[in-house]
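Asker: 3D, please:
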Amino acid sequence: MARRTLQARLVLTKPLIALALGSCSDPVSGDAAATDNDSTAADGMGTAELTTATATSTAGSTSQSTTESSSSSTAGDPTETSSSDSTSSGAVTNPVFVALGDGGWTASSCDRGHSWTVHAFSDEQGDHTQWTGFGGLAFGNGAFVAGLGWGGEGGHLLHSNDGRSWLDLPPRNFIDGDAAVGYAIYTSGVAYTGTEFLVFSQSVWRSDDGQQWQTSDVSLPPGSEQLRQLRGFADQGLIVASVESQSGNDHPAGHFVVVSDDGGMSWSEGTGYSSACSDPIQHWGDIVLVGDVLLVGTNDVCRSPDRGTSWSTIAAPTGESIQDLAEADGEFLALSGSRVFGSPDGNTWTELGDAGIPGRAVAYADGAYAVVGTMGTAFAFSEDGSSWTAATVRGATGEVWVRDLVVGAMEGTCD
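Answerer: Residues are numbered from 1 along each chain as shown. The predicted model follows:
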């Protein structure tokens, strides 16, 4: 599921939001563990154990997690850079592509998709583990947030300022009232609204920076028994939720879509939506907004010309199931198998090119296209959407269920 925020994207919906990182040198396999220097999380807490991801040096094996003290750092280790840091004016802005999979697996590229570095916290895979990546990924305010866990023992919320060094947030970062209560056992959705992050789990959590979290009064409307996908379109001021009523109580049974233009405090459901458009959306397909036109696509495609007020079912642009949807310079992208399609209006589609790999997610930012393969072992890039080239991969190359793809942006060079 590509998400794009361009502020760069970005959720791939999406517009580019810049990360002032200076340079983007991905850590090489076998280097010391990357640490996430989170001074806010550590303030007043003394030394605490924080888990960060590091790449493995053995191809095909799973990356190991290491435990680092939040109050210490090792000279030479790559660390997250605060979004408040800045580079000199006029610095080149580069898109940062980040994919999420089960096991806390992430793959990142800061050179326009040409090369990718892979990390993982765990080798757990599947739909019902503490590391299931259904919750997805969001970028905003200079940070990436990833949500994991679905019915397993525990869940995880990960934070990164650069898409490469990731922190598994500790229990003390989750506050209900005045008490640190820790996180939950599942994550059903992560989104950035333009002013804050929202995470839906047993509780709904909110955060300005993606690190410190408070419970929120936000809730989904009656009948929303399962949240299957959540997307935030910061530039357009809209949150879109694909939900399901399983019991038929408070809403007819089936999948439906609700939208909010006030940060999730209230929701509305349009007319004419078909449940088939989002039936398998927790596993493939996506939601994308371009202008006022909203698309939801999996096997079938539903199109709304008015931000979710009214809907119609349109012919699948690819003739096959849609693995992902994205936005590129005010137009729509769709990924089906290995083929990438484009549309100016979400109605009329043209095949742009063949990425050469069975794709799970597609993204675009600043003239760069990227496709992530279905099991995270292959990647491809393009400068025009038509001619595609296989990307190189550093780190673990074992198969993983890829769940999402987003794009942020950084100022500076990518070495």
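Asker: next, give phi and psi for residue 99.
Answerer: phi -110, psi 150 (degrees, to the nearest 10).
Asker: scratch that, residue 96
Answerer: Torsion angles, degrees, to the nearest 10, at residue 96: phi -120, psi 110.
Asker: separation between it and residue 142?
Answerer: According to CB to CB, to the nearest Å, residue 96 and residue 142 sit 11 Å apart. Any C-beta I mention is one placed from the backbone N, CA and C, and that applies to glycine too.
Asker: between those two, tell me which one has more neighbours.
Answerer: residue 96 (30 against 23; other CB atoms under 10 Å).
Asker: quick check: which ranges of this protein have low pLDDT?
Answerer: The model of the chain has pLDDT under 70 over residues 1-91, 412-415.
Asker: what residue lies at the spatial centre of it?
Answerer: Geometric centre of the chain, nearest residue: residue 137, 2.3 Å, by CA atoms, centre = their mean.
Asker: and that one, how far from residue 130?
Answerer: 17 Å.
Asker: quick one: end-to-end length of stretch 246-257, please.
Answerer: 14 Å (CA to CA, to the nearest Å).
Asker: can you give me the buried ones in that stretch?
Answerer: 251, 254, 255, 256, 257 (16 or more other CB atoms under 10 Å).
Asker: return the subset of those lying in strands.
Answerer: Under the assignment DSSP state E, the buried residues of stretch 246-257 contribute 254, 255, 256, 257 to strands.
Asker: list the contacts of the first one.
Answerer: The neighbours of residue 254, taking CB atoms under 8 Å, 6 or more residues apart in numbering as the test, are 244, 245, 275.
Asker: if we can go back for a sec, which element is the residue nearest to the centre of the chain on?
Answerer: Under the criterion of DSSP states H and E, residue 137 resides in strand 136-140.
Asker: just the angle between the helix or strand just after that strand and strand 136-140, please?
Answerer: Counting by DSSP H and E, the next helix or strand C-terminal to strand 136-140 is strand 143-148. Direction vectors for strand 143-148 and strand 136-140, defined by axes from the mean of the first three to the mean of the last three CA atoms, to 10 degrees, enclose an angle of 160 degrees.
Asker: which secondary structure elements does the helix or strand following strand 143-148 contact?
Answerer: Using DSSP H and E, the helix or strand that directly follows strand 143-148 along the chain is strand 156-160. Packing partners of strand 156-160 (3 or more CB pairs under 8 Å, 6 or more residues apart in numbering; DSSP states H and E): strand 143-148, strand 167-168.
Asker: tell me the most buried of these?
Answerer: Neighbour counts (mean count of other CB atoms under 10 Å) averaged over each of these peak at strand 143-148, with a mean of 29.
Asker: what are the contacting residues of it?
Answerer: With CB under 8 Å, 6+ apart as the criterion, strand 143-148 contacts 83, 98, 100, 102, 104, 106, 130-139, 155-161, 163, 166, 187-190, 192, 197, 199, 201, 207, 209-211, 404, 406, 408.
Asker: hang on, the earlier thing: quick check: of the contacts of residue 254, which lies closest to residue 392?
Answerer: Sorting those by how near they are to residue 392, with CB to CB, puts residue 244 at the top with 39.5 Å.
Asker: residue contacts, the closest one?
Answerer: Counted by CB under 8 Å, 6+ apart, residue 244 has contacts 224, 225, 226, 228, 254, 255, 256.
Asker: from residue 124, how far off is the closest residue to residue 269 other than its chain neighbours?
Answerer: Setting aside the residues directly before and after it, residue 269 is nearest to residue 258 in space (CB to CB, 6 or more residues apart in numbering), at 5.0 Å. Distance, residue 258 to residue 124, using CB to CB: 31 Å.
Asker: of those two, who's got more company?
Answerer: More crowded of residue 258 and residue 124, by other CB under 10 Å: residue 258, with 23 against 16.
Asker: mind listing what the more buried one touches?
Answerer: By CB under 8 Å, 6+ apart, the residues touching residue 258 are 220, 221, 224, 240, 241, 243, 267, 268, 269, 308.
Asker: now the buried members of these.
Answerer: Buried members of those, counted by 16+ other CB under 10 Å: 220, 221, 224, 240, 241, 243, 267, 269, 308.
Asker: mind giving me the packing neighbours of the strand holding residue 137?
Answerer: Counting by 3+ CB pairs under 8 Å, 6+ apart, strand 136-140 packs on strand 93-101, strand 143-148, strand 189-192, strand 226-233, strand 402-413.
Asker: contact partners for the residue lying closest to residue 146 once chain neighbours are set aside?
Answerer: Leaving aside its sequence neighbours, residue 146 sits nearest to residue 158 (CB to CB, 6+ apart; 4.2 Å). Neighbour list for residue 158: 104, 106, 121, 144, 145, 146, 147, 148, 166, 167, 168, 169 [criterion: CB under 8 Å, 6+ apart].
Asker: surely residue 318 meets residue 336?
Answerer: Yes: Residue 318 is in contact with residue 336 according to CB atoms under 8 Å; the separation is 3.4 Å.
Asker: returning to that earlier point: filter the contacts of residue 258 down to just the ones in strands.
Answerer: 240, 241, 243, 268, 269.
Asker: and those, which two are furthest apart?
Answerer: Pairwise over the ones in strands among the contacts of residue 258, using CB to CB, the maximum falls at 243 and 268, 12.7 Å.
Asker: coming back round to it: if I look at the residue nearest to the centre of the chain, how far off is residue 175?
Answerer: Taking CB to CB as the measure, residue 137 and residue 175 are separated by 23 Å.
Asker: over to residue 403?
Answerer: Distance of residue 403 to residue 175, given as CB to CB: 27 Å.
Asker: one more: residue 391?
Answerer: According to CB to CB, residue 391 and residue 175 sit 40 Å apart.
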